[in-house]
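Chemist: structure here, sequence nowhere to be found:
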């Protein structure tokens with residue numbers, strides 16, 4: 001079994017605290033785009049969110065809140081793993097509009113075969129994508145250890161997980177240009193460039 005987890009967190013300071021994952025890009029909310037990818041690759045889906053509006057935003061979804069809010073994306077991954085109750089998880093951040101179901105199915109297939117975390121990697125640096133990744137159930141222990149040590153970054157998982165795998169760019173390119181595939185809408189300027197519409201706090205589009 002594999003649970004798809006939409007990570008609907010972050011304070012969105014650049015957006016004035018408005019829920020950027022609910023911004024509409026080409027007539028579809030960014031979060032819904034991510035959920036489509038998760039539904040095409042996982043057996044069930046949850047939303048990890050501490051916002052009191054989340055049940056309104058996702059009325060048909062199981063909403064899970066962090067035990068201790070405000071600890072960042074690493075805590076969100078830990079929350080998803082706890083909610084999965086021993087199953088592996090696929091995670092996508094809710095501000096990533098172009099992740100695809102075939103990509104997520106590929107991550108899951110590799111992860112299940114290797115019994116390991118699978119984190120895409122691209123670029124010369126390279127850039128790792130821990131918020132679009134596959135994590136086996138055993139990742140929870142490592143998450144809890146990192147959180148107890150004061151770590152908050154999801155990026156810390158790759159180095160801390162024994163046997164964590166990366167998917168190189170030459171494989172990722174089969175699913176699209178990585179700079180678009182893993183684009184996260186982090187600023188109003190990025191959203192405007194996509195022709196997106198930012199929502200109000202209640203999730204309704206701003207006109």
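Modeler: Arrived safely. Worth saying up front: this structure is predicted, and the values here are computed from it rather than measured. Numbering: from 1, shown residues only.
Chemist: give the contact list for residue 4.
Modeler: Counting by CB atoms under 8 Å, 6 or more residues apart in numbering, residue 4 touches 35, 38-39, 41-42, 44-46, 89-92, 104. Quick note: C-beta positions are derived from backbone N, CA and C, even for glycine.
Chemist: bridging residues for it?
Modeler: residue 45, residue 90 (DSSP bridges).
Chemist: pull up the gap between it and residue 179, please.
Modeler: Look at residue 4 and residue 179: by CB to CB, to the nearest Å, they are 24 Å apart.
Chemist: I figured residue 62 was touching residue 48, is that so?
Modeler: No: contact criterion CB atoms under 8 Å: residue 62 and residue 48 do not qualify, at 10.0 Å.
Chemist: shared neighbours, these two?
Modeler: The contact sets of residue 62 and residue 48 overlap at residue 83 (CB under 8 Å, 6+ apart).
Chemist: those two - which one has more neighbours?
Modeler: Using other CB atoms under 10 Å, the more surrounded residue of residue 62 and residue 48 is residue 48, with 26 against 12.
Chemist: show me where this structure has strands.
Modeler: Listed in chain order, the strands of the chain (DSSP state E) span 2-7, 24-25, 28-29, 44-48, 62-64, 88-93, 118-122, 127-128, 132-135, 165-167.
Chemist: those: which one's closest to residue 82?
Modeler: strand 62-64 (8.0 Å; CB to CB).
Chemist: quick one: contacts of that closest one?
Modeler: So strand 62-64 is contacted by 45-49, 54-55, 79-80, 82-83 (CB under 8 Å, 6+ apart).
Chemist: give me the neighbour count for residue 124.
Modeler: Using other CB under 10 Å, the number of residues around residue 124 comes to 6.
Chemist: what residue ranges in the chain score low on pLDDT?
Modeler: Scanning the chain for pLDDT under 70 picks out the ranges 10-14, 16-17, 200-207.
Chemist: for residue 33, give me its contacts.
Modeler: Going by CB under 8 Å, 6+ apart, residue 33 touches 25, 96-99.
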